[in-house]
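*Asks:* Sequence first, predicted model second:
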Amino acid sequence: MGWPWRIYHVDDQAKDLRRQTLDRYGGYAQLSAFAPIVLFLLFRLSVWTLRTIKARRGSYDAVPASPSRKALRQSPLGIWEARFRRLQWWLEDDVVLFGQTWGRNDEWVFGTAWAIWLLFLSVPETGDDYFHLTKRFGIIAISQLPLQYLLALKSLNPVAFVFKSSHEQVNRYHRVLGVIIYGLFILHAGLYSNYFIKESVLLEKLRTSRAVITGMIGIWSFTFLSTTALRVIRDYSYRIFFITHVVVAIIIPPLIWFHAKSARIFVLEAFVVFLADLVSRKIDTVTSTATLESIPGTSLIKVTTSIPVEKANRFRSHPGSHIYLQVPPGSRPSTSLASWDYLVHEFLYNPFTVAAVDEATGDITLVARHHSGPVTSTLKQLTNNKTPQGAAQVQLAIEGPYGVPSFFPELSEGGYDRILLVAGGVGATFTVPLYRALANDNPSTKVQLVWAVRGTADADWVLAGTDGKAFAGSQNVQVFVTGSVDNGSGQQADGEGVELTTLNHGHEIRHQLARPNLKKIVDGVFQQGLEERVAVLFCGPTEMGRELRRHVGVWVRKGRVVFWHSESFAW
């Protein structure tokens, strides 16, 4: 079978007709991106309508042990709902090959479907015209750029708002769409390069054609970005990927602007989205004095900073949210504009969960573990700049809050009968605020917190403040020490394997010298009641999260109603 496309050198009228067709299909591709959003809005409208009708009929939310819940579970509707929940659970599972995670099933399913759709739009009405097909790949790819920039928004993300999600969750599809766009650009550039090579004009075009020069720079920029996005590169140095990502995101719009006049409308849309995000994030950033302390016996750094009252109220009403922290110029290790220690912080905004909000002063507390990264290394270095009062004080830029858990109202208002919070290490900065908020807002909530730490000193920060004693003495809090009792005095307490250790704040914390048996913990929660709806929230090491999810999945496959959330900042 021969090559199905031919190279035509057409007149201006034919070029205009081809351009109209290209623009039309570019518009189709962009507008079709809103179809999933519209369908989801219709779904939410249907759910709201059904709930309204149910409320008007005087229906009530049955208690777990009531016959009505059992009847619903065994009804045809209940059976289909259980199947849907199992499908939803499978879609959220990780794809693991050769010990590496390659996204989630939903990313592969919906990403493949979207790639097929865009490839389908690349072919109709091209006939056997080689140039038309080549240009179609390009315009379809560029038509997705505004959506790509939209999915990357941290502030004012409309997609996250529609799906009641956070920008971290939406960002997963930003990555998927990026791969699809890059693939289409490769087809566009590859077909053009093939023609130039066959005609022996590639070198000439690289010297004389603005479209070819900008196109070549653009495709190599995308290739460099895609290479640094590989896990091996990100694990080696996330800052290389991040800086490359920012630089390429800035230079791509002007490159496309000068590459193809017909694509400028899409470039303008993407630039408006990028600018709006930049402005909104700048407005939402405050620079304030922060107190830095190293927690004795650990690699943890405690950051306490005062923020405006209106911003503090946002943190109070949204426990478990996080901020992006930047070290401003005046606090950097080097004041030389040309030094690496200065420049690297221009591109770094590290996420940290807000561990506590002081109700009286409005101060927020962050807890970070010192790794080899530049931000935590700088914070560790700054803790040595102590004042006469003791702790180090520096200026830090705080942006947020982000990752606001839209599910919190449903948790606190009885949407689930039992809640299990599991954390590993500093992951407790997410679960502890949720636990405290749930216990304060609705004391009757059946909530259990399981926390695994390396040593008892790692739990010291949570005992500070007025809530420390209540937290340490709660029967619903289980602390597992996987290392040694490294601070304070330890003594045997009531209960097998349970010890008491007095920490710096004078509070005794109950803990077990063992790794948590996650299977036993999960089974114990779900065996409390067959009809209970259970919420499981996790923040901590990846492997611990996978094990926990595996044990919870057993109960999902049995038909149980489960809400799952794993808090992660990982790419």
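*Replies:* On my side now, so go ahead. Model, not experiment: these values are computed from the prediction.

*Asks:* isn't T285 right next to I398, touching?
*Replies:* Yes - T285 lies in contact with I398 (Cβ atoms under 8 Å); the separation is 6.8 Å. Glycine gets a C-beta too; all of them are placed from N, C-alpha and C.

*Asks:* For the two, indicate the residue with more neighbours.
*Replies:* I398 (24 against 17; other Cβ atoms under 10 Å).

*Asks:* would the more buried one count as being in a helix?
*Replies:* No - checked against DSSP: H, G, I helix; E, B strand; the rest coil, I398 lies outside a helix; its state is strand.

*Asks:* what residues are up against R264?
*Replies:* 256-257 (Cβ atoms under 8 Å, 6 or more residues apart in numbering).

*Asks:* Spell out the secondary structure type for it.
*Replies:* Per three-state DSSP, R264 ends up helix.

*Asks:* Check the gap between the closest residue to Q144 other than its chain neighbours and Q148 for me.
*Replies:* Nearest-residue entry for Q144: I181, 5.3 Å, with adjacent residues in sequence omitted and distances by Cβ to Cβ, 6 or more residues apart in numbering. I181 is 6 Å from Q148, where distance means Cβ to Cβ, to the nearest Å.

*Asks:* With S331 instead?
*Replies:* Counting by Cβ to Cβ, the gap from S331 to Q148 is 33 Å.

*Asks:* pretty sure V556 contacts V562?
*Replies:* Yes - V556 lies in contact with V562 (Cβ under 8 Å); the separation is 5.1 Å.

*Asks:* what does the helix or strand encompassing K520 rub up against?
*Replies:* Counting by DSSP states H and E, the element that carries K520 is helix 518-526. Identification of contacts with helix 518-526 by Cβ under 8 Å, 6+ apart yields 418, 420, 422, 448, 450, 478, 532, 534, 536, 544, 547-548, 551-552, 554-555, 560.

*Asks:* Weed out the non-buried ones from those.
*Replies:* Buried by 16 or more other Cβ atoms under 10 Å: 418, 420, 422, 448, 450, 478, 532, 534, 536, 544, 548, 551-552, 555, 560, out of the contacts of helix 518-526.

*Asks:* Quick one, grab the pLDDT at the residue nearest in space to the middle of the chain.
*Replies:* Geometric centre of the chain, nearest residue: E168, 1.9 Å, by Cα atoms, centre = their mean. What the model reports for E168 is a pLDDT of 82.

*Asks:* next one: T387
*Replies:* 67.

*Asks:* same deal with the one 5 residues further on?
*Replies:* Per-residue confidence at A392 stands at 85 (pLDDT).

*Asks:* the helices in the stretch 51-200 of the chain, which residues?
*Replies:* 67-74, 76-91, 105-121, 130-143, 145-151, 158-162, 167-198 (DSSP state H, counting those that start in this stretch).

*Asks:* Mind giving me the packing neighbours of the fifth one?
*Replies:* In terms of contact count using 3 or more Cβ pairs under 8 Å, 6 or more residues apart in numbering; DSSP states H and E, helix 145-151 is assigned the packing partners helix 158-162, helix 167-198, helix 238-259, helix 264-283.

*Asks:* now the end-to-end length of stretch 525-532.
*Replies:* 10 Å (Cα to Cα, to the nearest Å).

*Asks:* Pull out the buried residues from that stretch.
*Replies:* Quick answer for stretch 525-532 (16+ other Cβ under 10 Å): 525-526, 529, 531-532.

*Asks:* Identify the farthest-apart pair in those.
*Replies:* Across these, no pair lies farther apart than V525 and E531, at 13.8 Å, counting by Cβ to Cβ.

*Asks:* for the record, mean pLDDT for stretch 253-273?
*Replies:* So the average pLDDT for stretch 253-273 ends up being 95.

*Asks:* Repeat that for stretch 302-321.
*Replies:* 87.

*Asks:* Between its first and last residues, how far does it reach?
*Replies:* 17 Å.

*Asks:* In strands, which of the contacts of helix 518-526 appear?
*Replies:* 418, 420, 422, 448, 450, 478, 534, 536 (DSSP state E).

*Asks:* The last one reaches S566, doesn't it?
*Replies:* No - contact between V536 and S566 fails when scored by Cβ under 8 Å: they sit 9.0 Å apart.

*Asks:* For the protein, which residues score under the pLDDT cut-off?
*Replies:* Low-confidence segments of the chain, defined by pLDDT under 70: 1-2, 54-70, 72-73, 387-390, 404-407, 465-466, 484-507, 569-571.

*Asks:* which of the residues in the helix holding K520 are buried?
*Replies:* Buried, per 16+ other Cβ under 10 Å, within helix 518-526: 518, 521-522, 525-526.

*Asks:* Domain ranges for the chain, per the record?
*Replies:* Listed by automatic domain parsing, the domain ranges of the chain are 12-37+95-282, 284-402, 408-566.

*Asks:* now, among the buried residues of helix 518-526, which is nearest to E508?
*Replies:* The nearest one, if we look at the buried residues of helix 518-526 relative to E508 and count by Cβ to Cβ, is I521, at 22.7 Å.

*Asks:* that older thread, what's the closest of the helices and strands packed on helix 145-151 to A312?
*Replies:* helix 264-283 (16.7 Å).

*Asks:* List the buried residues of whatever helix or strand comes next after that closest one.
*Replies:* Remark: after helix 264-283, the chain's next helix or strand is strand 285-294, criterion DSSP H and E. Within strand 285-294, the residues scored as buried using 16+ other Cβ under 10 Å are 285-286, 290-294.

*Asks:* Quick one: residues in contact with strand 285-294.
*Replies:* Contacts for strand 285-294 (Cβ under 8 Å, 6+ apart): 300-308, 311, 326, 328, 379-380, 382-383, 391-399.

*Asks:* before we move on, back to that, which one among the buried residues of strand 285-294 gets closest to Y130?
*Replies:* T285 (49.9 Å).

*Asks:* how about Y173, what does it touch?
*Replies:* Contacts of Y173 (Cβ under 8 Å, 6+ apart): 107, 110-111, 151.

*Asks:* can you tell me how far D235 sits from V344?
*Replies:* Relative to V344, and taking Cβ to Cβ, D235 is found at 18 Å.

*Asks:* Same drill for these two, tell me which one is more crowded.
*Replies:* V344 (19 against 10).

*Asks:* Look at that one and tell me its secondary structure.
*Replies:* When classified by three-state DSSP, V344 comes out as helix.

*Asks:* show me what contacts it?
*Replies:* Contacts for V344 were tallied using Cβ under 8 Å, 6+ apart; they are 239, 374.

*Asks:* how about 6 Å then?
*Replies:* For V344, the contact set (Cβ atoms under 6 Å, 6 or more residues apart in numbering) comprises P374.

*Asks:* do the same with R86
*Replies:* R557.
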